[in-house]
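> Build me a model:
(one chain, ligands or ions: 1)
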Amino acid sequence: MQNHRMCDAFPLMRERRSFGSGPIVTYEEFLRIVARTGAIGRLPNSEQRVCLEADPTIPTMIVAGPGSGKTTVLVLRVLRHILVDHLRPEQILITTFTVKAAREIRSRLIEWGEALFEQARTEPISQADREFLAHVDINRVVTGTLDSVCQEALGSDRHADEPPLVTLESFAASVILQRRGGLGASFRNNQAVLGAFLSPFTLDDDPPTTLAEAANTLVPIIDRFIQDRVDVESFGAADQPEAHRIIREIDSTYRRYLRENNLLDFSGLEEALLERLRARLIPILLADVRAVLVDEYQDTNALQEAIYFELVEACQASFTVVGDDDQSLYRFRGATIELFRAFIDRCRNRLGRAPAGPLYLIENYRSTDEIVAFFNAFVRTDPNFGPARIQPPKPVIRSNNGQGQVPILAMFRPDSQTLANDLTDFIEAVFRGSGYRDPQGRLINGLRGNREAGDLGDAVFLASSVLEMQKPYFGNPPKARFTHHLRNAMASRDMQMFNPRGRSLRDIEHVEQLLGLVLLSVDPPDRPGGSLYSSMAITNVAKFFMNRWVAAARQFLQTNPPPVYGRTLAQEMSEWRDYCLRGTGDKASSRDWPFLDVIYGLIPWLDYFEIDPEGQVYLEALSRAAGQAAGFSAHRSRLVRPQNPGSPNDHGRLSIEAIIRDVLTPLAENVIDIDEEIMPSVPRDRLNVMTIHQAKGLEFPLVIVDVGTDFTTNHPKNRFRRFPEQPSSTAMIEDLLAPFTPDLGALRTQRNGLDRSFEDLIRLYYVAFSRPQSALMLVGCDKALRWTSNIKNVALGWRQDERWAWLDQSPRPTGRRPPAMVSPPNLLFV
Ligand SMILES: Nc1ncnc2c1ncn2[C@@H]1O[C@H](COP(=O)(O)OP(=O)(O)OP(=O)(O)O)[C@@H](O)[C@H]1O
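Alright, predicted model coming up:
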């Protein structure tokens, strides 16, 4: 890649620069202006001020529990950088971990920034500064996840003659690994060796039987090579097991292919930025950065840490990190809590400057006393978790909101259907009725949504998985999960959920219709010899779903969808058919067509994709599948006009086959992720269903947490989600790579894999329990609450030593027979 931004262009970078260019206002004036600004006037408290005041020329570490204003402080510190340190917004980078949280930061920045600048303009400041504030554009602060920032930085920094960088999603990475990474040949030739090596990392601990399964198991391992900065040479050295050597070879073939084709997977994207920073070829977007602020630092991986340090050093930037060790959730993406715990030392060693901190925040402004007491107790339930937490221990978080008079609610029922009906009753009463009242009068004021503006969007349902169907097991048809029953129960009362990730694309009625129409348009059965997909070498699963889609489309066509602007669906389809079969008709004017044009051409007759929020998310996923295939598919996801329609080697025909193989087959095989994050906000009139991971950093008035609707028995298959008996596959990958990961390996394996797997579950539910503002409700299956239950579950207070806190806290039996159920006093069972 060409060198556009040599350091020489920025002579200032070599010498130490003073910070900022003289204040617009002093720090004390800044605080006074904040106090006078309506939107943020109540902020900050005294501990938050300490964090805000910290000298920007010294790296700063802020550590605090949930809801204590970590993000708030970071946003205020950005505003301080503008007003007190006189940085321009584009000189400030602020990152966080999820797209949703990044969006939240951006909207707080804009709301507070605009109000604050307006207020500041009324203060006695210089005319030049008043001008500056009148025109300053807070939108120009570089905000996002590190991935999105990398993408933007590298993408926008290309020369006109350079090919665009394509970032691969995991499905595309997996396909390339199979086809171009040499995994296909290696798997065939070394199936026994590779199978034995990979089996501990598969879902069922069996060796992968198909190439796709092998690829999906391998991707997280080779991703780690980059994220953990593994010494791949020594991993695959001659004295290592044969499987290591084979994997090293596959990895290097795969990486070479990506490089030669200008493709990047997500870890490769971050690595590319690191390499550029190291070479001091700083992308334009970041070249002028003077302040780097990182939220959710506890989820940083080794590669990301290296990027932050390199950027701060290269740009001589101020550096502020905030985090909470108890809220680290992304181990599976390489997050290494130990990097956060050891930040002070690591920063000193790397940047040669001892950071200020850790600075603590202790007041929780989010939740009621009851909720804070509940999650504080939860995180201290298991003594074995203590050593996993930051040292010295951070102060316990304290509620600032007073009692909410709503205890922690718990709804446990014998089965999912009953629970779904009862929860729907509850939600309806809170948001659509006159409020929920406990029949026994134990809820003093009942519970009711905000009368003026309250709606279902004020509640969220959180679960470790939001799938509405269980994965098929041993060929049994998939069983409905709780969220499926909840969707139906709510629909029967005219209420809707927003859970686009709950269902597989291939199963959604409207998607089936659309994909069936697509197939009938580009691969019609009246081709001599029949449709192409039915005789192609694709999996039976793919053919099964394609047949189903075609049947769904036929049924839809029988409903005679009305013309749109005078044009019929049949006309649109027949134009594509003419083009694909014979290269004739209106579409023949072009030599080729992007496959997306077929999809978007059919959408007007399926308005679900335009008006329904879930439909919009699905359409984005379909478009993404087509877009990603352009990175590896023979005809780059384009339909080519046939020249010689009868020939099997005709490019028109081959282009259709490529689309079937590379776009439609992955959809049929259910390997395309649905990205709910494309929605800027969840519709207010729907119940938001989210994974706990997605909810990190967010808050809602009412949070309903699924603590075990799946766990009706002590089934071994679900133990890893509630009470692991062996290390998770992620912990095992960490153990596998530790000896080849200088610095990080030893740090990470100080606690064994099983301990780390328990930690992950505790942190997961800690994050869930700390999201609500007013009310927290736990839902699950009541069998797990039996006094004699053996359905051990960390979320229900089980400790790793197999003692059960909920049972210990329940009133002891008076007679000889124990009570049927445990009933810890801090829960109100409804
Ligand atoms: N000093 C304050 N006074 C009043 N409200 C505040 C104050 N500081 C923060 N808040 C409010 O408290 C809530 C939680 O703040 P914030 O999201 O910044 O916490 P956090 O520590 O980042 O949370 P998490 O750990 O869950 O990411 C927000 O609604 C915020 O506006």
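> Please count neighbours and contacts with C-alpha atoms only from this point.
Will do.
> Surely R591 is in contact with R638?
No. If you go by C-alpha atoms under 8 Å, R591 and R638 don't touch, sitting 10.0 Å apart.
> Compare those two (neighbour count), which wins?
With neighbours defined as other C-alpha atoms under 10 Å, R591 and R638 compare such that R638 has more, 24 against 14.
> I'd like the distance between that one and the ligand.
44 Å (C-alpha to the nearest ligand atom, to the nearest Å).
> Provide the strand pairings for the lowest-mean-pLDDT helix or strand in the chain, with the direction of each partner.
Least confident helix or strand of the chain, by mean pLDDT, DSSP states H and E, is strand 166-168 with a mean of 77. Its sheet considered, strand 166-168 pairs with strand 263-265 (parallel) by DSSP bridges.
> taking the mean pLDDT, what do you get for the helix or strand following the strand it pairs with?
Per DSSP states H and E, the first helix or strand lying C-terminal to strand 263-265 is helix 266-278. Helix 266-278 shows an average pLDDT of 90 in the prediction.
> Quick check: buried residues in helix 266-278?
F266, S267, G268, L269, E270, E271, L273, L274, R276, L277, R278 (16 or more other C-alpha atoms under 10 Å).
> Equivalent analysis for stretch 168-177, please.
Quick answer for stretch 168-177 (16+ other C-alpha under 10 Å): L168, E169, S170, F171, A172, A173, S174, V175, I176, L177.
> Just give me the longest helix of the protein.
helix 99-121 (DSSP state H).
> ok, residues contacting the helix or strand where A658 lies?
Assigned by DSSP H and E, A658 falls within helix 651-659. Contacts to helix 651-659, defined as C-alpha atoms under 8 Å, 6 or more residues apart in numbering, come from residues 522-523, 532-533, 536, 580, 595, 633-635, 637-643, 645, 648.
> Repeat that for stretch 459-469.
Against stretch 459-469 from outside (C-alpha under 8 Å, 6+ apart): 478-484, 499, 501-503, 687-693, 695, 700-707, 768.
> Buried only: go through these for me.
481-484, 499, 501-503, 687-693, 695, 700-707, 768.
> Please list the residues of the stretch 451-600 of the chain that sit near the ligand.
Contact residues, the stretch 451-600 of the chain versus the ligand (C-alpha under 6 Å from any ligand atom): none.
> Could you pull out the strands in the stretch 451-600 of the chain for me?
Per DSSP state E, counting those that start in this stretch, the stretch 451-600 of the chain carries strands over the ranges 459-463, 496-498, 592-594.
> Any chance of TSV for those strands, columns mean pLDDT and mean neighbour count?
Shown next, in TSV, are the strands of the stretch 451-600 of the chain (pLDDT from 0 to 100; neighbours: other C-alpha atoms under 10 Å):
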stretch	mean pLDDT	mean neighbour count
strand 459-463	97	25
strand 496-498	94	21
strand 592-594	94	16
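> Mind giving me the packing neighbours of the helix or strand just after the helix holding A658?
Once helix 651-659 ends, the next helix or strand along the chain (criterion: DSSP H and E) is helix 665-668. Here helix 665-668 touches helix 540-558, going by 3 or more C-alpha pairs under 8 Å, 6 or more residues apart in numbering; DSSP states H and E.
> Mind exporting the C-alpha coordinates of the helix it packs on to PDB?
Extracted as PDB, the C-alpha positions of helix 540-558 are listed here (Å, rounded to 0.1, in the frame of the first residue of the first chain):
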ATOM      1  CA  ASN A 540     -29.200 -31.500   0.600                       C
ATOM      2  CA  VAL A 541     -30.000 -29.000   3.300                       C
ATOM      3  CA  ALA A 542     -29.600 -26.200   0.800                       C
ATOM      4  CA  LYS A 543     -31.800 -27.900  -1.800                       C
ATOM      5  CA  PHE A 544     -34.400 -28.700   0.800                       C
ATOM      6  CA  PHE A 545     -34.700 -25.000   1.700                       C
ATOM      7  CA  MET A 546     -34.600 -23.800  -1.900                       C
ATOM      8  CA  ASN A 547     -37.500 -26.100  -2.700                       C
ATOM      9  CA  ARG A 548     -39.400 -24.800   0.200                       C
ATOM     10  CA  TRP A 549     -38.700 -21.200  -0.900                       C
ATOM     11  CA  VAL A 550     -39.900 -21.900  -4.400                       C
ATOM     12  CA  ALA A 551     -43.100 -23.500  -3.000                       C
ATOM     13  CA  ALA A 552     -43.700 -20.400  -0.700                       C
ATOM     14  CA  ALA A 553     -43.200 -18.100  -3.700                       C
ATOM     15  CA  ARG A 554     -45.700 -20.100  -5.800                       C
ATOM     16  CA  GLN A 555     -48.300 -19.800  -3.100                       C
ATOM     17  CA  PHE A 556     -47.600 -16.100  -2.800                       C
ATOM     18  CA  LEU A 557     -48.000 -15.700  -6.600                       C
ATOM     19  CA  GLN A 558     -51.400 -17.300  -6.400                       C
END
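> Sheet partners, orientation included, of the lengthiest strand in the chain?
If you go by DSSP state E, the chain has its longest strand at strand 772-781. Sheet pairing of strand 772-781 (DSSP bridges) gives strand 408-413 (parallel), strand 700-706 (parallel).
> got the ones you listed as a markdown table, with distance to V193 and mean pLDDT columns?
Output for the strands paired with strand 772-781, formatted as a markdown table (distance: least, C-alpha to C-alpha, whole Å; pLDDT from 0 to 100):
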| stretch | distance to V193 | mean pLDDT |
| --- | --- | --- |
| strand 408-413 | 47 | 96 |
| strand 700-706 | 40 | 97 |
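> closest one to the ligand among the ones you listed?
strand 700-706 (9.3 Å; C-alpha to the nearest ligand atom).
> Any part of that closest one near the ligand?
No. Strand 700-706 lies apart from the ligand when judged by C-alpha under 6 Å from any ligand atom; the minimum separation is 9.3 Å.
> for the stretch 1-150 of the chain, what are the low-confidence residue spans?
Along the stretch 1-150 of the chain, the parts satisfying pLDDT under 70 run over 1-21.
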